[in-house]
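Undergrad: here is my input, please return the structure:
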Amino acid sequence: MIRKTRNLVRLMAAAGVLAFATMSSAQAATTVRLGHVGEPGSLMDVTANEFAKRVNAKLGDKATVETYGSSQLGNDTEMLRKLKLGTIDLALPSTVMSSVDPVFALFEMPFLIKDHAHMARVQQNEYIVGKMAEAAEKNGYVLLALWENGFRNITNNKRPIVKPEDLQGIKLRTPSGEWRLRMFKSYGANPTPMAYSETFVALQTGAVDGQENPLAQIYPAHFYEVQKYLSMSHHVYTPVSFLSGASWKRLPEDVRAIIKEVAIEMQPVALEYGAQMDKDLLGKLKEEGMEVNDIDQAAFVKASAAIYKEFEATAPEGKKMIETIQSLRD
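TA: Numbering: from 1, shown residues only. Sure, this is the predicted structure:
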């Protein structure tokens, strides 16, 4: 009798372990991890959280999207690798995409995007979006949408930047995209690729003189605490490439459909957030004591001609893509 009881206990314990393992497996299969480098309060963070709120409401008990900001899942390069491995499901890389495929360097062309309304038309252009999607797929990714990261501006501790020659000798933190390096080198700066998460300390210690980012990244990262000058250059508009990777096809078809639907639904929302944050944050940065100036855009556009020629010679259909985007200006 005792032996039978012990056997029954063992069987129940084994069944419990199996049930727990099955439950854990099911839970892992329905948890979708979204990573990004944005700090709390940044545009990337606000947009990702709004996406999660909307998509989870539509997913119900089918799946849950969880967001991980502040580089918790790695920097952009690390998250791209994890997407390919399928160890994370979604990510929001930006500038780094220009190093993934030449086609993504399109958005590295200085002064290409005029304003948010212009970008909204680009998002709706089947040719441009199609080229981006093809390039992503060729490199092992799934492009779900193009979100807002914003117009980039220059901060530094040396002097106001008005003309390209004002950048001469300035050690400027940039993302790792090769085209950003080419551009700033052509202006005379000393671009220094560095992870976004390392930038504050580098500015604080003087390892670099300045950096360039959208206002929606500059303010949440508290760069105003370690930078004096803010030059409103709007030199590059960088979208966020909302990507998935190897795990995409493992998700149920209905879950994929909802994620894709809400990702596209968020495109105009992200643009609206970005435009509003630019207005609000400029005032706050002034209040924090930053000296703000405009640039001589004509001088910068003239100095950027060589970069356009390089892109047209490097990217398939580069000239056609540039002309298509320029034709969408009002």
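Undergrad: need phi/psi at residue 280.
TA: When read as degrees, to the nearest 10, the backbone of residue 280 gives phi -70, psi -40.
Undergrad: check the one 10 residues further on too.
TA: Residue 290 has phi and psi values of phi -70, psi 140 when expressed as degrees, to the nearest 10.
Undergrad: then residue 102?
TA: phi -60, psi -30.
Undergrad: count the residues that sit near it.
TA: When neighbours are defined as other Cβ atoms under 10 Å, residue 102 has 17 of them. The C-beta positions use only the backbone N, C-alpha and C, and glycine is treated the same way.
Undergrad: likewise residue 49?
TA: Number of residues near residue 49 (other Cβ under 10 Å) recorded here: 15.
Undergrad: now do the SS call for the closest residue to residue 277 other than its chain neighbours.
TA: Using Cβ to Cβ, 6 or more residues apart in numbering and skipping the chain neighbours, the partner closest in space to residue 277 is residue 216 (4.6 Å). Under DSSP: H, G, I helix; E, B strand; the rest coil, residue 216 falls in the helix class.
Undergrad: contacting residues for residue 216?
TA: With contacts defined as Cβ atoms under 8 Å, 6 or more residues apart in numbering, the neighbours of residue 216 are 42, 43, 44, 149, 150, 274, 277, 278, 281.
Undergrad: repeat the analysis, applying 7 Å as the threshold.
TA: Applying Cβ atoms under 7 Å, 6 or more residues apart in numbering, we find residue 216 in contact with 42, 43, 150, 274, 277, 281.
Undergrad: possible to save those residues as JSON lines with neighbour count?
TA: Formatted as JSON lines, the contacts of residue 216 follow (neighbours: other Cβ atoms under 10 Å):
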{"residue": "42", "neighbour count": "27"}
{"residue": "43", "neighbour count": "26"}
{"residue": "150", "neighbour count": "30"}
{"residue": "274", "neighbour count": "25"}
{"residue": "277", "neighbour count": "23"}
{"residue": "281", "neighbour count": "20"}
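Undergrad: restricted to helices, list the residues you listed.
TA: Counting by DSSP state H, the part of the contacts of residue 216 found in helices is 43, 274, 277, 281.
Undergrad: from residue 84, how far off is the third one?
TA: Going back to what we said before, that points to residue 277. 31 Å (Cβ to Cβ, to the nearest Å).
Undergrad: need the helices for the stretch 101-250 of the chain, in chain order.
TA: Using DSSP state H, counting those that start in this stretch, the helices of the stretch 101-250 of the chain run over 116-123, 126-138, 178-187, 199-205, 215-218.
Undergrad: closest to residue 250 out of the ones you listed?
TA: Closest of these to residue 250 is helix 126-138, at 16.6 Å (criterion: Cβ to Cβ).
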